[in-house]
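Engineer: No letters, just coordinates:
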């Protein structure tokens, strides 16, 4: 073996090890979803903090850290993480020259994590919830407006979120901006109708209240007839306050990798490629109701984030498959050529091709699987709170104080029952 | 292939080297993201207060009462799509108003709370000669209120950002609007479609 060849082989081996290390780094972050399945939020946060993510995975790290802090009720820290993620994701939207080269030669895990359209909008949704929980209506309004800009910027259906529209409507309503609230509630209704999802009763009530506030009598009557409600529904009763519950349920699935063998005519043989996939949907413990004293509040589905994640993966599948096939073909052509000149180098190149054939399984996998809403009007007073039926009954919930003429916003989740309560 | 990858590896390693800090003059305008920044806050505050002071409400008030008007800053609402630190904007306005020497400025409702608490504390703990009595506050003649609004037009990665700052000076005697100021800023933000 000549010294030049030895040097080449050593360089190839070193590169191989580096690439393998990069693939392992990806597994550490994508494994956080599975880690949360068997550990507490605090343990998951400690585990996440111990990671030293590569710059390309930094947005994902900040997103996951932000959502854990949200679930724990650390709203300020959550928004600090989300602000960092927002800045990184903004930069990652531009096309990278180096990433284009690495994704066509090695794999897509070398790309900066740029998030799916729905994830980018959900970032604003959770940030708005954080601000609402801190009674900072003005900052929550900023997030609602930023989500609106993003939904206008990205025309894909995956970026059109009913939860973002509903929460924007709620923020405008609490701010006394009924016209903007009405527009947002209408958009939420349009999205849910397009997705063939039932309209939650809370949204129906808000559409009725908004149309009445703005004097849109025809539209009000149309909604009454469509929802099958009697005239006067949604009217505010004296000495009562509204409790509006936003419940974040479960966790989206993590992506897995599967190897597929495909016949490539240009090579006259099969090549094995890696593709990401989500495991089949499992029946979830959907929260059905939250009990406030003797009243039971039905929690209805507002956003199916699990479905949005699958939809985003599906939307990119053709492009991803074409890119992976083109990459595999060029790798195999190169191996063939090298085999004739230097069998040992060909063996290492072959090994490199196998090691680097890794699917990009990154996703914001600590997001809740769904967002539910429910509302009830209750006479002024103090109410003991009981967990949604899906939650361990050992969880202790704070008592809820209902104030007449006020909206009590209860933000809660299936991991941590120490809910946040903000009065408006 | 290997040559390509080695080159790529080397360039990636070099790209991560070094942090550089450059000290800037606070008066210097430096636009990085296109968002509302310190320069916008300072320039809008200065221009609007200059406009407010150039209108006849001050001289009319002085002629009528024989003293300079006392002004209080009320709420300035952020209705924009950005997290704008309203405090810096309000402080810039206060500074511009006080430095003009044409108006007397009194503490806002939040600031007054702390001062009143201190007076109560002095009443209990300070000596007779240094104690400050309650009931000597200077009541404001006018309140300045305002809001910052934005309109964003988006196309692909480019944005036109239109900021409108509205300020209104209201007489506390009869709720009359004595002055309405408006300042508009329009920015074209072209985000790079390519990066390294």
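Structural biologist: Arrived safely, thanks for sending. Nothing here was measured: the structure is a model prediction, and the numbers come from that model.

Engineer: Would you map the strands across the chain?
Structural biologist: No chain was given, so I picked chain A. A:95-96, A:240-249, A:256-264, A:269-277, A:289-292, A:295-298, A:300-304, A:370-379, A:381-383, A:385-386, A:400-402, A:407-413, A:420-423 (DSSP state E).

Engineer: try again with chain B
Structural biologist: Using DSSP E, strands in chain B cover B:70-79, B:104-105, B:142-155, B:158-171, B:177-190, B:194-195.

Engineer: Could you pick out the residues of chain A near chain B for me?
Structural biologist: With Cβ under 8 Å from any Cβ of the partner chain as the criterion, chain A meets chain B at residues A:8, A:11-12, A:15, A:18, A:55, A:90-91, A:93-98, A:101-102, A:105-106, A:138-139, A:141-142, A:145-146, A:148-149, A:152-153, A:334, A:349. Glycine gets a C-beta too; all of them are placed from N, C-alpha and C.

Engineer: ok, back up a step: would you turn the strands of chain B into a markdown table with mean neighbour count?
Structural biologist: Below are these laid out as a markdown table (neighbours: other Cβ atoms under 10 Å in any protein chain shown):
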| stretch | mean neighbour count |
| --- | --- |
| strand B:70-79 | 18 |
| strand B:104-105 | 16 |
| strand B:142-155 | 18 |
| strand B:158-171 | 18 |
| strand B:177-190 | 14 |
| strand B:194-195 | 12 |
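
Engineer: Find the residue ranges of the stretch 101-250 of chain A scoring beneath the pLDDT cut-off.
Structural biologist: For the stretch 101-250 of chain A, applying pLDDT under 70 flags the ranges A:234-236.

Engineer: OK, now which residue of chain A is nearest to chain B?
Structural biologist: Nearest to chain B, among the residues of chain A, is residue A:145, at 3.8 Å (Cβ to the nearest Cβ).

Engineer: who's in contact with that residue?
Structural biologist: Taking Cβ atoms under 8 Å, 6 or more residues apart in numbering or on different chains, we find residue A:145 in contact with A:168, B:80-81, B:150.

Engineer: Mean neighbour count for the strands of chain A - can I get that in TSV?
Structural biologist: Shown next, in TSV, are the strands of chain A (neighbours: other Cβ under 10 Å):
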stretch	mean neighbour count
strand A:95-96	16
strand A:240-249	23
strand A:256-264	12
strand A:269-277	16
strand A:289-292	21
strand A:295-298	18
strand A:300-304	22
strand A:370-379	22
strand A:381-383	14
strand A:385-386	19
strand A:400-402	19
strand A:407-413	22
strand A:420-423	17
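
Engineer: What segments of chain B are helices?
Structural biologist: Assigned helices in chain B, in chain order: B:2-15, B:38-53, B:57-65, B:86-100, B:109-125 (criterion: DSSP state H).

Engineer: And these: which comes nearest residue A:412?
Structural biologist: Residue A:412 lies closest to helix B:86-100 among these, at 30.6 Å (Cβ to Cβ).

Engineer: which of the helices of chain B sits most buried?
Structural biologist: helix B:38-53 (a mean of 18; mean count of other Cβ atoms under 10 Å in any protein chain shown).

Engineer: Report the angle between it and strand B:142-155.
Structural biologist: 140 degrees (axes from the mean of the first three to the mean of the last three Cα atoms, to 10 degrees).
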